[in-house]
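# Generate coordinates for the sequence data below:
(one chain, ligands or ions: 1)
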Amino acid sequence: MELEHKRLLIVGGTSGFGQTVAGQAAAMGDHVQVIGHSRTHVVQAVGRLKAAGEVVTGTALDAQNIQQLEAFFTMHPAFDHVLSFLGGTMGGGFLENSVATIRQAIEDKFFANLPTGKGGGSPFKRPRFAHFYIRCGRASSRCFR
Ligand SMILES: NC(=O)c1ccc[n+]([C@@H]2O[C@H](COP(=O)([O-])OP(=O)(O)OC[C@H]3O[C@@H](n4cnc5c(N)ncnc54)[C@H](OP(=O)(O)O)[C@@H]3O)[C@@H](O)[C@H]2O)c1
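Reported below is the predicted structural model:
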């Protein structure tokens, strides 16, 4: 994924992994827009991120709400990349968790991010972004002989 001098939208970019990626992208000269749920967190994160790069903006909205997402994408120019850090976390790997737990984790992650995918496109309009990435983590188990 080429990230330099692109328009990036980072859903969940006001803390944790998302904010770290937002800072790295801003430092590379990208135009970075972050979305968070809490307005206070957005204002604080944009303040911190402006130290990394000049073009950082933020919006507070509920990324589970398709109407809010559609309004957001309608009001903004298209993005090159959308990265999302929404969704739950499953501790441990595939060996430690039941099939039901793994299935639930995958379902939670997919449906937490589906509204963003749907909000950014429509069968009748031009898509509002070129690429969509979901941060899923990894599940691994150490093997002992
Ligand atoms: N942390 C870990 O150890 C770990 C390990 C493995 C994988 N992961 C994965 O990485 C992802 C991110 O983890 P993290 O620790 O960086 O999370 P985090 O610090 O809690 O950050 C979550 C971000 O998402 C935003 N957000 C949550 N719900 C939202 C909504 N409905 N609408 C808009 N924004 C919303 C939050 O905004 P507000 O602050 O305004 O709510 C915040 O910016 C997790 O989902 C998980 O899958 C994390």
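# C-alpha from now on. contacts and neighbour counts both.
Noted.
# And the residue nearest the centre of the chain, how close does it get to the ligand?
Among the residues of the chain, residue 84 comes closest to the average C-alpha position under Cα atoms, centre = their mean, at 1.6 Å. Separation of residue 84 from the ligand (Cα to the nearest ligand atom, to the nearest Å) stands at 8 Å.
# and that residue, how far is that from residue 42?
15 Å (Cα to Cα, to the nearest Å).
# mind exporting the longest helix seen in the chain as CSV, just the C-alpha atoms?
Longest helix in the chain by number of residues (criterion: DSSP state H): helix 99-119. Only the C-alpha atoms of helix 99-119 are listed here, as CSV (Å, rounded to 0.1, in the frame of the first residue of the first chain):
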residue,chain,number,x,y,z
VAL,A,99,-15.0,-22.3,17.4
ALA,A,100,-18.0,-20.3,18.7
THR,A,101,-15.6,-17.7,20.2
ILE,A,102,-13.6,-17.4,17.0
ARG,A,103,-16.8,-17.2,14.9
GLN,A,104,-18.1,-14.4,17.2
ALA,A,105,-14.9,-12.5,17.0
ILE,A,106,-14.9,-12.6,13.2
GLU,A,107,-18.5,-11.7,13.0
ASP,A,108,-18.1,-8.7,15.4
LYS,A,109,-15.1,-7.4,13.4
PHE,A,110,-16.9,-7.7,10.1
PHE,A,111,-20.2,-6.1,11.1
ALA,A,112,-18.5,-3.3,13.0
ASN,A,113,-16.9,-2.3,9.8
LEU,A,114,-19.6,-3.0,7.3
PRO,A,115,-21.4,0.4,7.8
THR,A,116,-18.2,2.2,6.8
GLY,A,117,-17.9,0.2,3.6
LYS,A,118,-21.6,0.8,2.8
GLY,A,119,-21.5,4.4,3.8
